[in-house]
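Student: okay, predicted coordinates and the sequence, questions at the end:
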Amino acid sequence: MPSSFIGNALRGTFFLIFGLWWSVKYPLKYLRRKANADDAASYGTQRLEVLEGTVKAFFALAGILAEQFAPPGPHMLLYSPETHSWTDLTPWHYTTMYLFFLLSGVVEVVSHSPLKLPLGLDRLALAIALLIEGLLFCSHDYSEAALDSHLRGLLAIGIFAGALCTLLEVFIRDHFVLELFRTSSFLLQGSWFWQMGFVLSPPWGGPGWDPTDRGNFVFLTMCFCWHYAGALAVMAVNSVASHCCNESCQLKFGDIDVELDCGLCIRKGKGSRGALLPEGGPDDK
């Protein structure tokens, strides 16, 4: 898919979905770790990781198909024998980007399968995908499109910051601050892809922003900072919402699990075995 508003919007949505999901997932995971410091990763958590990897691989595969076969995509044609030249390489750039995110999703699924791959391999695959994405943006031929180059240069900052953070997670696993920083980088990338679409190819038609106006460069640099501030604000709101949801669940259920099939309440005391309590009071016959 060429560099159009729809193309940038779809790429931005890919990163926003994961950024928004992580902005809820990691605060809840942190709160659960605080409440159960000695508990290992549960089976449900591993299944959630597998689902996340599957969704990532699915979206990446959909992105590859859209880049290649949506009009006027290259339809898997890289070199034209008629013109003896390369075809439009922009869709191939994005196809390559999606390919490594597809591999990242596959590695994440396999890492939490019974194969038990080395811990951190999923983060390494994601870091490589981000590094490849940043490399592709830095090597893109912008010709005389100075404004396009400036927009993508700002985007590369967020990409490489996320790649560095993810690379650190290979060695420092389950670090809440690193997880939040990676989340903010994905939110930043997602919203900035949308911004690029509005600047370069407005959805209402007409030309993009004037590339000869230096004021546009200054404003967009400030706007990039505002996008990151917005990402932090979204994370703060979702973290508070996660905390309130966690507190609400504790107030409603506490440490009681209800077994509907046998009509008994099992109260789990910390450091002690559960005690079975009948449904009725002590005076019931």
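Tutor: That came through fine.

Student: this structure: strands as residue ranges?
Tutor: Ranges of strands in the chain, per DSSP state E, are 79-80, 85-86, 256-259, 264-267, 275-277.

Student: where does pLDDT dip in the chain?
Tutor: Along the chain, the parts satisfying pLDDT under 70 run over 1-3, 37-44, 141-144, 250-285.

Student: now do 50
Tutor: Counting by pLDDT under 50, the low-confidence segments of the chain come to 38-40, 255-285.

Student: and the longest helix for it?
Tutor: Criterion DSSP state H: the longest helix present in the chain is helix 214-253.

Student: buried set for that one?
Tutor: Residues of helix 214-253 classed as buried: 216, 220, 224, 227-228, 231, 234-235, 238-239, 242, 246 (neighbour count, 16 or more other Cβ atoms under 10 Å). Where C-beta positions appear, they are placed from N, C-alpha and C, glycine not excepted.

Student: quick check: A60 vs G7, distance?
Tutor: To G7, A60 is 15 Å away according to Cβ to Cβ, to the nearest Å.

Student: just give me the neighbour total for the closest residue to V199 other than its chain neighbours.
Tutor: Nearest residue to V199, sequence neighbours excluded (Cβ to Cβ, 6 or more residues apart in numbering): W209, at 5.0 Å. W209 has 17 neighbouring residues, counting by other Cβ atoms under 10 Å.

Student: who are the neighbours in contact with W209?
Tutor: By Cβ atoms under 8 Å, 6 or more residues apart in numbering, the contact set of W209 is 147, 199-200, 216.

Student: next one: phi and psi at it?
Tutor: phi -70, psi 150 (degrees, to the nearest 10).

Student: same check, this time on the one 3 residues further on
Tutor: Dihedral pair for T212: phi -90, psi -10, per degrees, to the nearest 10.

Student: surely I132 and M97 touch.
Tutor: Yes - counting by Cβ atoms under 8 Å, I132 touches M97, with 6.6 Å between them.

Student: neighbour count: those two, which is higher?
Tutor: More neighbours surround M97 than the other of I132 and M97, with 25 against 19 (other Cβ under 10 Å).

Student: pull the contacting residues for that one.
Tutor: Contacts of M97 (Cβ under 8 Å, 6+ apart): 129, 132-133, 136.

Student: quick check, nearest of those residues to T13?
Tutor: Of all the contacts of M97, E133 has the smallest distance to T13: 15.6 Å, by Cβ to Cβ.

Student: so how far is F160 from the closest one?
Tutor: Taken as Cβ to Cβ, the span from E133 to F160 is 9 Å.

Student: re the thing from before, please indicate which of the contacts of W209 are buried?
Tutor: Burial by neighbour count, judged by 16+ other Cβ under 10 Å, picks out 147, 199-200, 216 from those.

Student: farthest-separated two in those residues?
Tutor: In terms of Cβ to Cβ, the buried ones among the contacts of W209 reach their longest pairwise distance at L200 and N216, which sit 11.4 Å apart.

Student: show me the contacts for the closest residue to T54 other than its chain neighbours.
Tutor: Once flanking residues are discounted, T54 sits nearest to V109: 5.8 Å by Cβ to Cβ, 6+ apart. When contacts are counted by Cβ under 8 Å, 6+ apart, V109 touches 50, 53-54, 57.

Student: same list (those residues) but as JSON lines, adding neighbour count and distance to R123.
Tutor: JSON lines is the format used below for the contacts of V109 (neighbours: other Cβ atoms under 10 Å; distance: Cβ to Cβ, whole Å):
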{"residue": "V50", "neighbour count": "16", "distance to R123": "15"}
{"residue": "G53", "neighbour count": "23", "distance to R123": "12"}
{"residue": "T54", "neighbour count": "14", "distance to R123": "17"}
{"residue": "A57", "neighbour count": "19", "distance to R123": "16"}
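
Student: which one of the residues you listed is nearest to W22?
Tutor: Of all those, W22 sits closest to G53, with 13.3 Å by Cβ to Cβ.

Student: what separates that closest one from L126, distance-wise?
Tutor: From G53 across to L126, the span is 10 Å (Cβ to Cβ).

Student: can you list residues touching both of those two?
Tutor: With Cβ under 8 Å, 6+ apart as the test, G53 and L126 both reach 104, 108.

Student: to what extent is E67 buried, counted in neighbours?
Tutor: Neighbour count of E67, defined by other Cβ under 10 Å: 25.

Student: can you pull the contacts of it?
Tutor: 1, 7, 73, 91-92, 94-95, 98.

Student: nothing else from me, thank you.
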